[in-house]
Structures are given as C-alpha cells and as structure tokens.
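K.L.:
Give me coordinates for this.
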Amino acid sequence: MTELDINFVRSRFPAFEQPALRDRAFFENAGGSYPCRPVFERLTRFYRERKVQPYAPFEASELAGAEMDEARERLAAILGVETDEVSFGPSTSQNTYVLAQAVKGWLPEGGAIVVTNQDHEANSGAWRRLAEHGVEVREWRIDGATGHLDPEALQRLLADGKVKLVCFPHCSNVVGEINPVAEIVAMAHAAGAAACVDGVSYAPHGLPDVGALGADIYLFSAYKTYGPHQGIMVIRRALGEALPNQGHYFNGDSLYKRFTPAGPDHAQVAASAGMADYLDELAEHHGGAGLGPRERGALAHDLMRAHEVRLLQPLLDYLGDRNDVRLLGPRAAEGRAPTVAIACERKGEDLAAALAPHGIMAGGGDFYAVRPLQAMGIDPAHGVLRMSFVHYTSREEIDRLIGALDAVL
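P.N.:
Next up, the predicted model:
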C-alpha cells in the first residue's frame, strides 16, 4: 500500500476550492463531513434531469430508478453484504427509532436488551425507551476514568441468556476508542443475542466490511461519510425477515423496504452512489484498479486509516503532555478514531469560539454524548472541545491546530 496522496484527495472535494473555506482548517467533521465531488455531480444531475417519480416506463424515470438501485448495489458490495440488506432512511436517529419499534414487537416475553453509556444518544435513546413498554434494558457501563468498554463486563450481562439484542457503538463520538466489534458480536451470538452496531463515528474513517464483522445491524450516516443527508442501515437477512414489517403492508416481502415507513428521498439515495464512485477513485488512484468492490473498499479504508493515524499521534502527544487539559480516550492513535475531545476549566463552546479567529473550525458542547460525559465526571453543560478530522485533513492543518491551541489554552 502506498501513502495516501493528499493532493489527489483534496482535489475531489469542492469545499477546498471555495474562498470562504480556503483559509479555514475544518475540525468538526464528526458533525458532518464535506461531500465529495461525485456526490455533488450525481445530486445535481438528478435534480436537473431525473426529478420524476422513479421506476415508471419512460426514460427519465427509468434512469432515476436505476441510479437509486445502483447506490444500494454498489454500497452493499463494498460493505460485504447482499444488495437488499442495505436500506436508506432520513437519518440514523430515525432509522434507529424505526428499528426499536420493530424490536419491541419481536422480543419474547422476559427478553432483555443491552445498551451502553458510551453511546451518542441517537443510538442509545430509542432503545432505552423500550423500558416504558416493559422491556428490561441492561446498561453496559464504561470505565469512568478512561471511557473504555470492557467486554468482560458484557459477558456478565449476557450470562443468564435473557438478552436478545446488544446495541453498542463501533466507536464513541467523544471517547474515540475503536471497540472490537467482531469480538463483541461473537460474544452476543454465542449468548443467543443479535448485535446492532452504531457505526456513525467510525464509517467516515473507512467503510467497514460488515460481512466480516458479523453484525446483524450496522448503522451509519451518509452525510458524515462524504455523501448526502441520509441514514444508511445494513440489516442482515435472518434478523430483517424475523422483525415485524414497519413499512407499507404490501412491501413486507421486500427486505430493503421493511424498515422505511415513509417513501425514500429519491435524489439523495441516487446521489449516495457518488460515495461508491469516490471510494473507487481513491482505490484506483492508489493502485487498486484491478480489485473487486469489496477489495477496493478495503484498500480505501486502509489508506484513510493509515493517513489519519500518522496525523493523529502528534496531536495526542501534544494534548497528553499538557497538565491543563484532560484528554478523553486512548493516547495511542492506532486504537482510536481521530475524534479528539478535551475537558479543561474553560467551557467547550468557549474554547471553540476562541479557536475560530485562528482559522480553526471546531466544536464545543456535549455532542449528544451526555451519558458518557457524565460517566466520566464531566458536566455536560460545561462540555468539551472536540476536534475531529478525516483523511482529507493535511499535516499542515494539524500543525495549525496545535499552534492555535497553544494560543488559546
């Protein structure tokens, strides 16, 4: 594998050409990434040429439907799952809510679910509300000092065989530590439970091979993964067909329609194929032209992660060596996503505002991660400063961030 060509990467994101953004270093990617050029082009073309009801027997409609099908087919191939195991919805929060309603009707009497307090509330909240309907909700708790989720603690929650679903994040949006998904999924399956993985904070750093991970449900957000504002969910066939249909009754036999109660956003679904275009471009530019979709996706993933790790370690070292801030999560870049939160005497929002005149776009607050912050002894109202980046970030921007932090801390 060659080193990531950062100049090629940035040429595929129109945001870097905009005068208003050119002199700004973007470090709030965990809230939403810049969209890539193929997504822009597909979305514009759809609205200009194909904004009609899809799947009718005339050319514009046939092309519209074909692009929607293409998005599902190509993303499924990269994710290592079957085409109809990929569904689209308006957001991951909404998708999770719909799935929770389905699970409510699927759980046997006396069945329990597991959630964590490491989660962003979008994954945790919908599942926790099932307690209002008599479902036992067990909490898998993080270490208050480190934010770490210990698989041994999960083993104890699974011991009596009542748990039928384990819901956990691939990584937290404030702790950043990458959880051992395949290991956790295997533990859940061995105990007779399905596994739902919130991949929102991981997928921007390379789409995972969901087939290899073994998760029954995997959720992520296209708008945080260089795409349009859509939530994307993988629901493996066995569980998807066992859960009650949440869509129109006449769509009950179509797996990818069972968990989308409302009609899809045709244009944004079609534009999601641009995410696959970009990953293919990235892989081919770095020598992967002869690879299949799954292998190209893996190459793009590895290129992204290697670049991010190289850039992340100096930032972690800088923050870890300061005695006036608390760095959340691991200090080793290999074990975490480049989503870096710090707590100190100043409020997170105040620190973000202080960085803005230095050309740094970062965020401050609780980021809907109220439960993990409280578990780690941080007042959510005080919040943290979060600096999150992705593979299109340059080393120069990391240096600029460190210089700005020196000036404001």
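
K.L.:
which residue is nearest the centroid of this protein?
P.N.:
residue 200 (1.6 Å; Cα atoms, centre = their mean).

K.L.:
Now do the helix with the most length in the chain: distance to the chain's middle.
P.N.:
The longest helix of the chain (DSSP state H) is helix 293-320. Relative to its parent chain, helix 293-320 has a centroid offset of 15 Å by Cα atoms, centre = their mean, to the nearest Å.

K.L.:
do the same with stretch 273-292
P.N.:
Stretch 273-292 sits 20 Å away from the centroid of its parent chain (Cα atoms, centre = their mean).

K.L.:
Now do it, average pLDDT.
P.N.:
What stretch 273-292 shows for mean pLDDT is 97.

K.L.:
Also stretch 159-177?
P.N.:
According to the model, stretch 159-177 has a mean pLDDT of 98.

K.L.:
the strands in the stretch 251-400 of the chain, which residues?
P.N.:
326-327, 339-343, 360-361, 363-365, 384-388 (DSSP state E, counting those that start in this stretch).

K.L.:
Including mean pLDDT, distance to residue 226 and mean neighbour count, could those go into a markdown table?
P.N.:
No exception for glycine: its C-beta is placed from N, CA and C like everyone else's. Shown next, in a markdown table, are these (pLDDT from 0 to 100; distance: least, Cβ to Cβ, whole Å; neighbours: other Cβ atoms under 10 Å):
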| stretch | mean pLDDT | distance to residue 226 | mean neighbour count |
| --- | --- | --- | --- |
| strand 326-327 | 98 | 27 | 17 |
| strand 339-343 | 98 | 16 | 26 |
| strand 360-361 | 98 | 17 | 20 |
| strand 363-365 | 98 | 19 | 21 |
| strand 384-388 | 98 | 14 | 28 |
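
K.L.:
Please produce JSON lines containing the ones you listed, extended by distance to residue 296.
P.N.:
As requested, those are exported to JSON lines (distance: least, Cβ to Cβ, whole Å):
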{"stretch": "strand 326-327", "distance to residue 296": "35"}
{"stretch": "strand 339-343", "distance to residue 296": "25"}
{"stretch": "strand 360-361", "distance to residue 296": "31"}
{"stretch": "strand 363-365", "distance to residue 296": "32"}
{"stretch": "strand 384-388", "distance to residue 296": "25"}
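
K.L.:
right, so of the ones you listed, which gets closest to residue 80?
P.N.:
In terms of Cβ to Cβ, the element of the strands of the stretch 251-400 of the chain nearest to residue 80 is strand 339-343, at 24.3 Å.

K.L.:
So in that sheet, which strands flank that closest one, and in what orientation?
P.N.:
The partner list of strand 339-343 in its sheet, established with DSSP bridges, is strand 326-327 (antiparallel), strand 384-388 (antiparallel).

K.L.:
Could I get those strands in JSON lines, plus columns for distance to residue 137?
P.N.:
Below are the strands paired with strand 339-343 laid out as JSON lines (distance: least, Cβ to Cβ, whole Å):
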{"stretch": "strand 326-327", "distance to residue 137": "30"}
{"stretch": "strand 384-388", "distance to residue 137": "26"}
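
K.L.:
Point out the one among those strands that comes closest to residue 94.
P.N.:
strand 384-388 (22.7 Å).

K.L.:
tell me the angle that closest one makes with helix 293-320.
P.N.:
140 degrees (axes from the mean of the first three to the mean of the last three Cα atoms, to 10 degrees).

K.L.:
Residue 164 is in what secondary structure piece?
P.N.:
strand 163-169 (DSSP states H and E).

K.L.:
Enumerate the sheet neighbours of that strand, specifying parallel or antiparallel for every one.
P.N.:
Here, using DSSP bridges, strand 163-169 pairs with strand 112-116 (parallel), strand 194-198 (parallel).

K.L.:
for the last one, the distance to its chain's centre please.
P.N.:
To tie it back to what came earlier, the one meant is strand 194-198. Relative to its chain's centre, strand 194-198 lies at 13 Å (Cα atoms, centre = their mean).

K.L.:
Nothing else from me, thank you.
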